[in-house]
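Colleague: any chance you could fold what I've pasted below:
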Amino acid sequence: MARFIADFHIHSRYSRACSKDLTVSELAKWAKVKGIGVLGTGDFTHPRWLEELKEELRDAGSGLYEHAGVRFLLTAEVNTLFYKSGRAHQIHHLLFLPSLEAAERLNTALASFGGLDIDGRPTLRIEPARLVEILLGLEPRAMLVPAHAWTPWFAIFGSTSGFDAVEECFEHQAKHIFALETGLSSDPAMNWRLTSLDRYTLISNSDAHSARRIGREANIFEGEVTYDAIVDALKRKGPTRLVGTLEFFPEEGKYHYDGHRVCKVRWSPAESRQHGLRCSVCGRKVTVGVMHRVETLADRPEGVVPPQAVPFRRTVPLDEIISEALGVGVGTQTVDREYQALISRFGTEFGVLLDTPGEELRRAALPKVAEGILRMREGRVTIEPGYDGEYGKVHIFGEAEPLVPSEQQITLF
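Modeller: Numbering: from 1, shown residues only. Have a look, this model is predicted:
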């Protein structure tokens, strides 16, 4: 049975704050380097990107498309802006479609709700339930997944703009929601603390804004590499299965802790409560992060693993490990030389990070680089948690005790 890695949530160069290197050929190149078998196209709602997809992709005949040996699945992220009970909400959603023709039909229908050519991640003045109705009405094989479900500003459970339950957001269309994207600031274990989420498949994607960052979170499947098989796996039916996810250390996400970036105030949930959620520098309300929000809604203690939970492993990008090991910047030639040497020797980045035996790593890599990879596998890292839009920082060679117990990610996978 085939095993493949998929990253569904990425962006094109037509999305704001995204790299100009996001072309189909560049994405395919990095998918091969990373070891990704199925990559989301991102941004099919943008008319210019959709035209490029039509020009560059070949129909693989299975609801997927192909470029240079890499399969692509049509995906897009949209923001729904709407009012409910007198309160404004902005919720991001990840859309899946099986054909370019379906994308064209959907874009025609969505154009009346917002300007699709303004941003690859368009804002639509529409309620989520209506979006689901339009999506499935045009293409019954389509799927909608709430994106980065805990992000404060733009997510279904976000502290600033979200809801306490899927049903509150999607109302009568909640029956069509089968999966949730955990986002960079949370991992499956955090989501397992909510009994109400047991019925949803938890997926993880990179939300990459540059080609080199695809795969920083991803999904591992076993079975057929087709659109319908993947969607059925997310619905927990059919022979193809989601067998694992690859995760950021969630503390590294930029909304993990509470805080106020301007004032450099970063707090744990307990510290925020002690201060009444008010910044100790300026007195304004701090941005309530993902950890705090999870604790607010959780009905289970930490450490509970539901019966149908899909296991996961936490990773750190290979270039970041090399950078810290050698004490030089990520974008330097020194890092790139070691990175390319390891890819040439072992095939893919995921092969290096996850599969290569330790003894082989020690023979092929610089000693401190090999040690860094092995420490990452064991969870022997320390992290300065991210907060209020500021990414956290992973330290593999610090002197402090590990932040993450080494047993958790190894025994689950």
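Colleague: where is the longest helix in the protein?
Modeller: Identified as the longest helix of the chain according to DSSP state H is helix 333-346.
Colleague: right, and the helix or strand after it?
Modeller: helix 349-350 (DSSP states H and E).
Colleague: mind checking what helix or strand follows that next one in sequence?
Modeller: helix 358-364.
Colleague: what helices or strands is that next one leaning on?
Modeller: Packed against helix 358-364, as judged by 3 or more CB pairs under 8 Å, 6 or more residues apart in numbering; DSSP states H and E, are the following elements: helix 333-346, helix 367-378. In short, each C-beta sits where N, CA and C put it, glycine included.
Colleague: report the buried residues of the longest helix of the chain.
Modeller: For helix 333-346, burial by neighbour count (16 or more other CB atoms under 10 Å) applies to Val335, Glu338, Tyr339, Leu342, Ile343, Phe346.
Colleague: and for that helix, what's in contact with it?
Modeller: 33, 318-319, 322-323, 326, 328-329, 349, 352, 356, 360, 364-366, 369 (CB atoms under 8 Å, 6 or more residues apart in numbering).
Colleague: the same query, at a cut-off of 7 Å, please.
Modeller: By CB atoms under 7 Å, 6 or more residues apart in numbering, the residues outside helix 333-346 that reach it are 33, 318-319, 322-323, 326, 328, 349, 352, 356, 364-366, 369.
Colleague: buried only: go through those for me.
Modeller: For the contacts of helix 333-346, buried by 16+ other CB under 10 Å: Val33, Leu318, Asp319, Ile322, Ser323, Leu326, Glu349, Val352, Thr356, Ala364, Ala365, Val369.
Colleague: how close does Leu234 get to Pro152?
Modeller: Look at Leu234 and Pro152: by CB to CB, to the nearest Å, they are 25 Å apart.
Colleague: how about Met376?
Modeller: 28 Å.
Colleague: so Gly398 sits against Arg380, correct?
Modeller: No. Counting by CB atoms under 7 Å, Gly398 sits too far from Arg380 to count as a contact (9.8 Å).
Colleague: of those two, who's got more company?
Modeller: Arg380 (19 against 16; other CB atoms under 10 Å).
Colleague: got the phi and psi for the more buried one?
Modeller: phi -90, psi 70 (degrees, to the nearest 10).
Colleague: state the pLDDT value of it.
Modeller: Arg380 is assigned a pLDDT of 94 by the prediction.
Colleague: helices or strands next to the helix or strand where Gln90 lies in the packing?
Modeller: Under the criterion DSSP H and E, the helix or strand holding Gln90 is strand 87-97. In terms of contacts (3 or more CB pairs under 7 Å, 6 or more residues apart in numbering; DSSP states H and E), strand 87-97 is packed against strand 70-84, helix 128-138, strand 143-146.
Colleague: of all the ones you listed, which one comes closest to Ile220?
Modeller: With CB to CB, the closest approach to Ile220 among these belongs to strand 70-84: 15.0 Å.
Colleague: now do the buried residues in the closest one.
Modeller: So for strand 70-84, counting by 16+ other CB under 10 Å, buried means 70-82.
Colleague: next: stretch 204-222.
Modeller: Buried, per 16+ other CB under 10 Å, within stretch 204-222: 204-221.
Colleague: that stretch: end-to-end distance?
Modeller: Terminal residues of stretch 204-222 lie 16 Å apart, using CA to CA, to the nearest Å.
Colleague: stretch 381-396 now?
Modeller: 5 Å.
Colleague: what do you get for stretch 247-266?
Modeller: In terms of CA to CA, the two terminal residues of stretch 247-266 are separated by 23 Å.
Colleague: next one: it to chain centre, how far?
Modeller: Relative to its chain's centre, stretch 247-266 lies at 16 Å (CA atoms, centre = their mean, to the nearest Å).
Colleague: buried residues, it. List them.
Modeller: Result for stretch 247-266 [16+ other CB under 10 Å]: buried residues 247-260, 265-266.
Colleague: ditto for stretch 92-104
Modeller: For stretch 92-104, by 16+ other CB under 10 Å, it's His92, His93, Leu94, Leu95, Phe96, Leu97, Pro98, Ser99, Leu100, Ala102, Ala103.
Colleague: quick revisit: would TSV of the buried residues of helix 333-346 with distance to Glu26 and pLDDT be doable?
Modeller: Supplementary listing: those in TSV, determined by distance: CB to CB, whole Å; pLDDT from 0 to 100:
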residue	distance to Glu26	pLDDT
Val335	19	97
Glu338	22	97
Tyr339	16	98
Leu342	21	98
Ile343	16	98
Phe346	22	97
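Colleague: beta-bridge partners for Phe96, please?
Modeller: Thr75, Met143 (DSSP bridges).
Colleague: shouldn't it be in contact with Met143?
Modeller: Yes. Phe96 lies in contact with Met143 (CB under 7 Å); the separation is 4.1 Å.
Colleague: overlap in contacts, these two.
Modeller: Listed as contacting both Phe96 and Met143 by CB under 7 Å, 6+ apart are Val231.
Colleague: tell me which of the helices and strands packed on helix 358-364 lies nearest to Val290.
Modeller: Val290 lies closest to helix 367-378 among those, at 21.9 Å (CB to CB).
Colleague: which is the next helix or strand following the closest one?
Modeller: Past helix 367-378, the next helix or strand by DSSP H and E is strand 382-384.
Colleague: care to break this protein down by domain?
Modeller: 3-251, 316-412 (automatic domain parsing).
Colleague: just those domains: most buried one?
Modeller: domain 3-251 (a mean of 20; mean count of other CB atoms under 10 Å).
Colleague: for that one, what is the distance to the chain centroid?
Modeller: That offset, for domain 3-251, works out to 9 Å (CA atoms, centre = their mean).
Colleague: only C-alpha atoms, please: export stretch 40-51 in CSV.
Modeller: The C-alpha atoms that make up stretch 40-51 are tabulated as CSV, following Å, rounded to 0.1, in the frame of the first residue of the first chain:
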residue,chain,number,x,y,z
GLY,A,40,-2.1,21.8,-2.7
THR,A,41,-2.2,24.4,-5.4
GLY,A,42,-3.4,27.2,-3.1
ASP,A,43,-5.2,30.3,-4.4
PHE,A,44,-7.3,28.8,-7.2
THR,A,45,-9.8,31.6,-6.6
HIS,A,46,-7.3,34.1,-8.0
PRO,A,47,-8.0,34.4,-11.8
ARG,A,48,-4.3,34.9,-12.8
TRP,A,49,-3.1,32.0,-10.7
LEU,A,50,-5.9,29.8,-12.0
GLU,A,51,-4.8,30.6,-15.6
